[in-house]
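Q: this is a predicted model, with the sequence first.
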Amino acid sequence: MMNMRYLILLAPLALSAQLVEGPGMTETDKNCKACHEIERSISLRQDINGWNNTIAKMVGFGMKSKESDLAIVAEYLAKHYPADAMPPINVNTASAIELESRFSLKRSQSSAFLAHREKVGKLKTFADLKKSPGMDPERIEAKKAQIVF
Ligand code: HEC
């Protein structure tokens, strides 16, 4: 009986453990884990415009949120997951996980890219990168400032 009580007390803490504490955390937790893991929701680093675009995209996917929550969530995300916190990614040395989270790739896409990198050696230009298997040219363009070779 004793153990059960502790489990119940700890459960709500464990659910939000991924997010940084702060105003807006509750709203973000509530709105951003209905369709995918909360880790995915915070896998980007961007400014308020970027986060507003992401939120608009999620609304397009069918996110049901209170109108008043949207601005709170955008502010929370821009404060705790800002654009300048993202270190550059070296596409010649990055691991599968790093590639997947930075470019929103599926496992099959990162595998295709890694196999290609293995075969052709060091990539040198954005043009090379954009036509590599598994890579989406639009996403590369959007992340250009964060990419190094
Ligand atoms: C109604 C379902 C739904 C909800 C709720 C939702 N998402 Fe998503 N999200 C998706 C889908 C579907 C994808 C996959 C898109 C893809 O693979 O292109 C996704 C992918 C993402 C990605 C990966 C990058 C990208 O742009 O595709 C991020 C970041 C993200 N969501 C953030 C959020 C945030 C932040 C919230 C809360 C404000 C949220 N999501 C709530 C459906 C949702």
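A: Yep, it's here.
Q: contact residues of this structure facing the ligand?
A: Proximity of the chain to the ligand (C-beta under 6 Å from any ligand atom) is limited to residues 31-32, 34-36, 40-41, 43-44, 54-55, 57-58, 61-63, 73, 104. Just so you know, the C-beta spots here come from the backbone N, C-alpha and C atoms, and that holds for glycine as well.
Q: buried subset of these?
A: Buried subset of the residues of the chain next to the ligand (neighbour count, 16 or more other C-beta atoms under 10 Å): 31, 32, 41, 44, 54, 55, 58, 63, 73.
Q: off-centre distance for stretch 95-111?
A: Distance, stretch centre to chain centre, for stretch 95-111: 11 Å (C-alpha atoms, centre = their mean, to the nearest Å).
Q: so how far is the first residue of it from its last?
A: Counting by C-alpha to C-alpha, to the nearest Å, you get 10 Å between the two ends of stretch 95-111.
Q: tell me which residues of it come out buried.
A: Quick answer for stretch 95-111 (16+ other C-beta under 10 Å): 99, 100, 101, 102, 103, 105, 109, 110, 111.
Q: which regions of this protein sit below the pLDDT cut-off?
A: The chain contains residues with pLDDT under 70 at 1-17.
Q: which residue, neighbours along the chain excluded, lies closest to the residue sitting nearest the centre point of the chain?
A: Using C-alpha atoms, centre = their mean, the residue of the chain that lies closest to the mean C-alpha position is residue 43, 2.0 Å off. The shortest distance from residue 43 to any non-neighbouring residue, by C-beta to C-beta, 6 or more residues apart in numbering, is to residue 101 (4.6 Å).
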